[in-house]
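# fold the following for me, if possible:
(2 chains)
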Amino acid sequence: MLGRILLPSIFLVLSYGFWVSSNFKDIAAGVALFLFGMLCMEQGFKAYSGGTLQRALSRSTDRLWKSLSFGVVSTALMQSSSLVSVITISFLSAQLIGLAGGIGIIFGANLGTTTGAWIVAGFGLKVNLSAYALPILVFGVVFLMQSSQKIKGLGWILVGIGFLFLGIHYMKEGFSAYSQHIDLTQYAMTGVAGLLAFTLIGIAATVIMQSSHATLTLIITALAVGQITYENALALTIGANVGTTITAILGSLSANISGKRLAAAHLVFNLVTGLVALVFLQPLLSAVDIISSWAGIGQTDHTLKLAVFHTLFNLLGVLLMLPMINTLVSWLERHLREDKVEHDKPRYLSEASLALPDIAMQAVTKETQHLFRNAFTVIAHGISLRRASITSDEDLWQLVQSPGKIIVVDLDDQYARNIKDIYSANIEFLSRAQAEAPREYAETYNALRRANMDVVAAIKAVKHLRKNLLPCMLSSNPDIRREYNQFRARIGEVLRELATLRDGDDAVVTLLSLDQIRVAIVDAENQAARAVDKLIREGLITSQAAASLINDGAYVKEVIRKLLDMYEELHKAGLTDGSEVHDELALESHEIDTIAHEVDRDQVAKPSVRN
Amino acid sequence: MTNDKLFEKLSALLEVEDDTDKKHIKKLRKVLQKLKKRQKELHASLDQIEDEHERRKIKQNIEVLKLQRKKGVGVYKELKQTVASTGH
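Next up, the predicted model:
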């Protein structure tokens, strides 16, 4: 609703402005170029966010001071607190960092973004930026034409800087031409009313442009030519600082609860900081004067003094909020809770991580593990076993034989509640992430897609199996009962083995141990086939029952094969090294058959089929 | 491009390959050691288990480990030979 009114209103105001004043056109074009420059820079930095930035971020969150420093340094370097916020939300959504670490980064980013004012006030206004902008743009476009992603990234950064410079140049030109015709200071307001009114204007301007950096540049260029008063500029700066939280709030709308908590922390920080700056404006201004005279900034150099003020009140906010970070974390966790939903939802996927291939990969890996945990329960119930029984030390054979233990569940309902939404989200996320990721990620994403499909295929096979399984495990014929209980034990055994494969072990060794499960399964299948032959020969079961046993045996085989394939795909996708070693050592299917056959031959005198 | 520069680039390329081979050998050796250790543990447990079903499973696992190790040792020897023949 708001969008429907806001957007046409902005168009109307802009059109009217362009019609009545060519200087207004220059200023608006400057803002548009500046914003476009920021978008280009973000695009460029994303090319580097795959490796160095992510490694730095994951290492920077074990201590609060590290998170804070990371926020300051990365935002100062990239000149984009939005990009740092988006990356932090994606890390948090994938649960690669904790909320306290994420908040530390956001606090740091608030401080880091104040360097923008210093750059514009200290450099942007003092040199002819357009002279630099055009050559930078030309170099940037040349780099953009290269095939290497990193060089292209550098190209985007240069093009971004070029447009930023051009934007500042046009804003400067527009305001200085304006000052020859109109004096905007006639609209200046003093006192508390002025303070509040201009704070609100600062908020509104930043919400519309979704960039405090752009608002601040606009304020500084207007202040430099005396189109706004120093006092009003201060209020606008405070407003810009509060309004900037809109980017984080918008970014968190599609994020999970962790992303929403982080956006709330951002809002709390900026509101508190803004409030402190408004209430303690006079003492802050005295501090600005002292610091400015100490740093050699002239008494009338209001633009640099504004930069001092911007840094000072954000620093004050960090100092005030830092000791309360743990209280803030527990308050957010208490008040922003995950909705209790009937249907289990994805936990680790977020829009923010789509543009960052490594993070997207880790997020979807975690989500596939989540899907498998849910599938484990559905499959266990499908074969009438409890999850807890499978993961316990109980003898599975004893367990499946205990009478009267049918678990009545609606598998379709369980699928709809615990699998469907996560599976669909994973498949959609993988398609979108793959479209945005470089080609080298294609095989990993394909493996993850196959792992998801294997999970669902295993559940579907259990559904088919269950039709005969439930009546047959209660059959009056002890041989039929035993064979179907063997099916249950075989699936239960594989689930147990997969649950106990040690994650802490070397990943290649863990993957290689799947061959041991495969041999055991082939052995069990061979024994089951012999048992069915014997039952038919001795006339202990009807031919119809034998046909059902053979068909259902095929479903059991399908469930197990899909589970093992899923585990292999999922864990191979996460292998950082050693994938080659695994491929060299893993057994071929004929080797698995040979081992199963040889051990069976050695043991044939004492078969292990449970009777 | 001068000969020196060409030679420099070629050396850099070979060094990367050499490094990849070394990493591969190192990883392979590490995995083989772990598999050997696991095989020893299984052998030791075989003496203490009487249940036929369990014993059969352990014997299968030992055979799997044996074959995986045999394949690994073959690859290891080949890699070592390649590294030795290229003179690194």
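# how far away is the residue of the stretch 1-150 of chain A found nearest chain B from A:L564?
Nearest residue of the stretch 1-150 of chain A to chain B: A:S148, at 16.8 Å (CB to the nearest CB). Quick note: C-beta positions are derived from backbone N, CA and C, even for glycine. From A:S148 over to A:L564 the distance is 39 Å, taken as CB to CB, to the nearest Å.
# out of the two, which sits in the busier spot?
A:L564 (20 against 11; other CB atoms under 10 Å in any protein chain shown).
# the more buried one sits in which helix or strand?
Here A:L564, judged by DSSP states H and E, is contained in helix A:543-573.
# right, is that helix up against chain B?
No - Helix A:543-573 stays clear of chain B (CB under 8 Å from any CB of the partner chain), getting no nearer than 13.8 Å.
# for the nearest residue to A:F24 once chain neighbours are set aside, what are its contacts?
Setting aside the residues directly before and after it, A:F24 is nearest to A:G17 in space (CB to CB, 6 or more residues apart in numbering or on different chains), at 4.1 Å. Listed by CB atoms under 8 Å, 6 or more residues apart in numbering or on different chains, the contact set of A:G17 reads A:F24, A:K25, A:A28.
# helices - which of these land there?
A:F24, A:K25, A:A28 (DSSP state H).
# could you flag which of those residues are buried?
Buried members of the ones in helices among the contacts of A:G17, counted by 16 or more other CB atoms under 10 Å in any protein chain shown: A:F24, A:K25, A:A28.
# can I get these in CSV with pLDDT and distance to A:S548?
Converted to CSV, those look like this (pLDDT from 0 to 100; distance: CB to CB, whole Å):
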residue, pLDDT, distance to A:S548
A:F24, 83, 82
A:K25, 85, 80
A:A28, 87, 76
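# for those residues, give me TSV that also has distance to A:N485.
Below are these laid out as TSV (distance: CB to CB, whole Å):
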residue	distance to A:N485
A:F24	82
A:K25	82
A:A28	77
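# report all helices and strands that the longest helix seen in chain A contacts.
Looking only at chain A and at elements set by DSSP H, the helix with the highest residue count is helix A:149-181. Applying 3 or more CB pairs under 8 Å, 6 or more residues apart in numbering or on different chains; DSSP states H and E, one finds that helix A:149-181 contacts helix A:22-46, helix A:129-144, helix A:212-224.
# okay, the angle between it and helix A:22-46?
Here the directions of helix A:149-181 and helix A:22-46 differ by 160 degrees (axes from the mean of the first three to the mean of the last three CA atoms, to 10 degrees).
# distance between helix A:149-181 and the chain's centre?
On the basis of CA atoms, centre = their mean, to the nearest Å, helix A:149-181 sits 31 Å off its chain's mean C-alpha point.
# now for the chain, the helix or strand with the poorest mean pLDDT.
Going with chain A. Every helix and strand of chain A was ranked by mean pLDDT, DSSP states H and E. The lowest is helix A:54-59, at a mean of 69.
# how close does the residue nearest the centre of chain B get to chain A?
Nearest to the mean C-alpha position of chain B, by CA atoms, centre = their mean, lies B:L28 at 2.6 Å. Distance of B:L28 to chain A, given as CB to the nearest CB, to the nearest Å: 5 Å.
# kindly state the pLDDT recorded for that residue?
pLDDT recorded at B:L28 is 90.
# show me what contacts it?
Per CB under 8 Å, 6+ apart, neighbours of B:L28: A:V581, A:E584, B:G72, B:V75, B:Y76, B:L79.
# mind doing that once more with 6 Å?
Counting by CB atoms under 6 Å, 6 or more residues apart in numbering or on different chains, B:L28 touches A:V581, B:Y76.
# check the secondary structure at A:T300 for me.
coil (DSSP: H, G, I helix; E, B strand; the rest coil).
# tell me the first helix or strand C-terminal of the helix or strand encompassing B:K26.
Using DSSP H and E, B:K26 maps to helix B:3-48. Next in sequence after helix B:3-48, counting helices and strands by DSSP H and E, comes helix B:52-85.
# list the buried residues in that following helix.
Buried, per 16+ other CB under 10 Å, within helix B:52-85: B:55-65, B:67-69, B:71-72, B:75-76, B:79.
# give me the helices and strands touching it, please.
Where contact means 3 or more CB pairs under 6 Å, 6 or more residues apart in numbering or on different chains; DSSP states H and E, helix B:52-85 is packed against helix A:514-537, helix A:579-585, helix A:589-603, helix B:3-48.
# coming back round to it: pLDDT on the helix holding A:L564, on average?
On average, helix A:543-573 scores 89.
# got it, and stretch A:103-116?
In this model, stretch A:103-116 has an average pLDDT of 89.
# again with stretch A:470-479
pLDDT averaged over stretch A:470-479 gives 83.
# just to revisit the earlier point, show me how far the helix holding A:L564 is from its chain's centre.
Its chain's average C-alpha position is 34 Å from that of helix A:543-573, according to CA atoms, centre = their mean.
# okay, and A:N232 sits in which element?
Going by DSSP H and E, A:N232 is in helix A:230-243.
# coming back round to it: A:A131 is nearest to which of the helices and strands packed on helix B:52-85?
Closest approach to A:A131 among the helices and strands packed on helix B:52-85 (CB to CB): helix B:3-48, 36.3 Å.
# which other helices and strands does the helix holding A:L564 contact?
Contact here means 3+ CB pairs under 6 Å, 6+ apart; on that basis helix A:543-573 packs against helix A:442-472, helix A:478-500, helix A:514-537.
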